[in-house]
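A.B. asks: can't give you the sequence, but here's the structure:
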């Protein structure tokens, strides 16, 4: 399989039989597994943002938005790539584009999570500045 990992679509392309029924089933399952959780996550972020807007201090809103923005960036990258990989017509992207999308949502997104969470930590930021030889802001 000329792919990053044995994902269902590249494996079905190798099949010698008509895979139309399997492709329809894959699309239905993908919609359930991707769109429902993605919708719930985005609804929760809408509720979080509406709560943040009710915070009285501008500094508090700024800190809350900064935390939320980094998290939602990772969520958008992950769900966006997964949606492109599984919810698009099968002939829309080339194999190289499919591989890049797969690597993004299976490797890059999990690697971003530690960065998002550690860079929110003041001690980690201070250590990073010291390691780079810069003065602390």
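C.D. replies: Looks like it arrived, so ask away. Predicted, not measured: the structure shown is a model, and the values here were computed from it.
A.B. asks: Determine the set of other helices and strands touching the biggest helix by length in the chain.
C.D. replies: Of all segments of type helix in the chain, defined using DSSP state H, the longest is helix 58-87. Here helix 58-87 touches helix 20-30, helix 36-52, helix 95-103, helix 109-118, going by 3 or more CB pairs under 8 Å, 6 or more residues apart in numbering; DSSP states H and E. For glycine as for every other residue, the C-beta is placed from the backbone atoms N, C-alpha and C.
A.B. asks: Report the distance from the shortest one to the chain centre.
C.D. replies: Spelled out, that is helix 95-103. With CA atoms, centre = their mean, to the nearest Å as the basis, helix 95-103 stands 15 Å off its chain's centre.
A.B. asks: and the angle for that helix with helix 58-87?
C.D. replies: Here the directions of helix 95-103 and helix 58-87 differ by 140 degrees (axes from the mean of the first three to the mean of the last three CA atoms, to 10 degrees).
A.B. asks: what does the second one give?
C.D. replies: Angle of helix 36-52 versus helix 58-87, following the same axes, to 10 degrees, is 170 degrees.
A.B. asks: Fine by me, we can end here.
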